[in-house]
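J.: give me a model of this one.
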Amino acid sequence: MGINGQFDIRGVARKFDIFGEFRSAEPYGSGHINDTFRATYYQGGTTLHYLHQRINHNIFQNPEALMDNIIRVTRHIRTKLNGLKGSSRRSLTLVPTLDGEVCLRDDEGNFWRTYVFIEGARTYDAVQTKQQAFEAARAFGLFQKQLVDLPGPRLHDTIPKFHHTPSRFRALQEAIEADESNRAQHAKPEIEFAMAHADMVSRLVELQERGEIPERVTHNDTKFNNVMIDDETGEGICVVDLDTVMPGLALYDFGDMVRTTTSPTREDEQDLSKVGMDFEMYEALLRGYLETAGEFLNDREKQELAFSGKLITFEIGVRFLTDYLRGDTYFKVHREGHNLDRCRTQFKLVESIESNEDRMNTLLERVEVGA
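T.: Below you'll find the model as predicted:
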C-alpha cells in the first residue's frame, strides 16, 4: 500500500527510465478497465508529466502480446510522422523500464506501462460540436491509414472475436434458451426485436469471407473520448487507448463511431423518446473519416459504411441483452434492469439509423463526388 491507497505509484515510477524527481500522482481519465495515474516530475527546473497505467490482466489475459501489438503499432506510426512538426504529440510514446522492457511486472503480479503525457490536449467524454466529431473521425481514419502497410506478422488478437457479430448473436440465443435468471419474461419485446434482425448479423463476416472486404489493423474501441483534441487548434491529434488494436474490419471502427457519437443521450437513457441519430453529426463523422480513410477503403467498404453503424449498435444491444439474461455477469450495473435499459437504448438507436439509412447512403454518394 502506497500513495493513492491501492497502489504504490512512487515505487512503480522508480522502475521506469525517467530522468527527474517524482513529485506526485493522481488518478487520471474516465476509463473503466485499466488504472491510470498522471505523475508529475521535476526535471532540471521544468515540470513534466507521465502516465503510469496498470493493465487489467483479468480482461487482457496476455499482457505481453498486448504490449507487443502496441509497440509495433506506435513505432510504425512514428516512422510515418518522422520530421513532421509536432510529431511527438501525434502518437503515444512508451517509456521503457530501467531494464529496457516495455512493461513492468510488480511483486503483486500487476503489469504496468508508462507513456509520455501529451501536453496541451485533452479527451472529452461526450462530443460537444460537429467539428469535434469531424476531427475525431478524421483522426481514427488517419490511424487506420497509417497502419495499412504495417509489416507482418499478424497482430495478436487481444480479445478474440471481439466484434464477431454472429458469435455475439449465438451467445444471445443460448442465454434465451437457458434463461438461468428467469428474466426472459421481462425482455420479450427486446428478444423479438433481436430475432427480427437475425438476418443481418453475418453480413460483414460473409463479405470478408468472400474477399470483398479485407481484414485491416483497426482500433476496435472508437469512442469519442479515445481521441485527444488539441486545446488551441481543436484538431484531433492523437488516438489513445490502444489495448484493443488488433486485426479487424475498418467498418467496425466506423460503426462504433456512429453508435457512440450520433445520439445525444447516455448509453443507458431510460427516456427512449430522447434517443435518435443526429443526421448532421453523422455527416460530420462521414466527412471526417473519408478525408483520411477514403484513400485506402475499397468500394465495398464504402458502400457498407451506413450499415456498419446499424450493425455495431445492434451488436452492443445484443451484448447488453445477453448479460441481462445471464444475471449481469459482465457489465457493471448500478440499478435493477440496468443492462435491459442499455439494450433498449441501443435498439432504439438501431431503429433511428434504419429510418435514416437511405439518406445516409445518398450522403455517401454526395461526399464521394465532393459535394
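
J.: how many neighbours does V116 have?
T.: Other residues lying near V116 total 17 when counted by other CB atoms under 10 Å. For every residue, glycine as well, the C-beta is placed using N, CA and C.

J.: pLDDT score for the closest residue to Y124 other than its chain neighbours?
T.: Among residues not flanking Y124 along the chain, N225 sits closest, at 6.1 Å (CB to CB, 6 or more residues apart in numbering). At N225, the pLDDT value in this model is 91.

J.: the one 5 residues further on too?
T.: Here, the pLDDT recorded for D230 equals 96.

J.: please apply the same query to F7.
T.: pLDDT, F7: 88.

J.: hang on, the earlier thing: next one: the residue nearest to Y124 from D241, what distance?
T.: 8 Å (CB to CB, to the nearest Å).

J.: how about residues contacting the helix or strand containing A133?
T.: According to DSSP states H and E, A133 maps onto helix 130-146. Contact with helix 130-146 is made by 76-77, 80, 124, 127, 216-219, 222, 224, 227, 229, 234-239, 250, 253-254, 257, 261, 280-281, 283-296, as judged by CB atoms under 8 Å, 6 or more residues apart in numbering.

J.: again, only this time at 7 Å
T.: 77, 80, 127, 216, 218-219, 222, 224, 227, 229, 234-236, 239, 250, 253, 257, 261, 280-281, 284-285, 287-289, 291-293, 295-296 (CB atoms under 7 Å, 6 or more residues apart in numbering).

J.: on that earlier part again, quick check: the gap between the residue nearest to Y124 and Q128.
T.: For N225 relative to Q128 (CB to CB), the value is 12 Å.

J.: going along the chain, name the strands of this structure.
T.: For the chain, the strands defined by DSSP state E occupy 21-27, 35-43, 46-55, 94-95, 104-105, 111-116, 121-122, 216-218, 227-230, 236-239, 246-248.

J.: now the first one: buried residues?
T.: Neighbour-count burial for strand 21-27 flags F22, A25 (criterion: 16 or more other CB atoms under 10 Å).

J.: how much does that strand deviate in direction from strand 35-43?
T.: Strand 21-27 and strand 35-43 are oriented at 160 degrees to each other (axes from the mean of the first three to the mean of the last three CA atoms, to 10 degrees).

J.: not counting sequence-adjacent ones, nearest residue to I77?
T.: S91 (4.5 Å).

J.: near the one you found, how many other residues are there?
T.: Neighbours around S91, by other CB under 10 Å: 24.

J.: now do the contacts for it.
T.: T74, I77, R78, L81, C238.

J.: farthest-separated two in those residues?
T.: Largest separation among these by CB to CB: R78 and C238, giving 11.6 Å.

J.: between those two, which one's more packed in?
T.: C238 (21 against 16).

J.: is it true that the more buried one touches S87?
T.: No - contact criterion CB atoms under 7 Å: C238 and S87 do not qualify, at 10.5 Å.
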